[in-house]
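Chemist: I need the structure of the sequence given here:
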Amino acid sequence: TGLDTFTMSNSDTVMKIIDTSASGTASGGKLTLGSDDGAVMADNHRLGVIDFVGAEDASNTQSVGARIQAVCRDAWNGSNNDADLEFYTVDGTTVSKVLTLDADGDATFTGDVTISGNDLDFGNGATIVNTDASTLTITEATTVFSGDIRVNGNEVKDSGGNSAITFDGSGGVTILGDLT
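Modeler: Numbers count the residues shown, from 1 in each chain. Sure thing, here's the model as predicted:
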């Protein structure tokens, strides 16, 4: 298959998997982690895991700092091999799942999400743009909110920047212009 075999010695600091065959879309080093006890994989069974560990003391006690694992979603069969990819980090000594990439293509984050760019682009063409330090622009003809809407400023403005609805802070509302 073009893969070189190797053994690591104490002087090796990096494990390498090198594919020496011609490069291409089906080439490259490959690491396979699997689970096969002769039984069908069931819901929530782990396919494989990569733990990132290091010494926490001078006695070389190894502790996990992060983890990536693949987990079956549903029992597997000839037409269903759904799996989720889970990412874990450690705060203190507590290992917590922080991100799941699921079989449907959804990403679920635990905790806050920080976006270093300015835009969120959605597959349907809608965007949320961080226009400036105090403005988010939602480019969708209709925005649906479920639950309450709280306005921390005193106004809702029209597309020209003119006050359309004002709030006095004590429940009073003034609507400027005509309602149609």
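Chemist: okay, now the unreliable bits of this structure?
Modeler: 1-10, 12-13, 141 (pLDDT under 70).
Chemist: where do the strands of it begin and end?
Modeler: With strands called from DSSP state E, the chain shows them at 46-55, 62-72, 83-91, 94-101, 107-109, 119-121, 127-132, 135-138, 155-157, 163-167, 173-175.
Chemist: looking at those strands, which is closest to L33?
Modeler: strand 46-55 (2.7 Å; C-beta to C-beta). (C-beta placed from N, C-alpha, C; glycine too.)
Chemist: now do the closest one and strand 94-101, the angle between them.
Modeler: Between strand 46-55 and strand 94-101, the angle comes out at 140 degrees (axes from the mean of the first three to the mean of the last three C-alpha atoms, to 10 degrees).
Chemist: which strands and helices sit next to strand 46-55?
Modeler: For strand 46-55, the packing partners by 3 or more C-beta pairs under 8 Å, 6 or more residues apart in numbering; DSSP states H and E come out as strand 62-72.
Chemist: give me the contact list for stretch 103-110.
Modeler: For stretch 103-110, the surrounding residues in contact (C-beta atoms under 8 Å, 6 or more residues apart in numbering) are 73, 82-84, 96-102.
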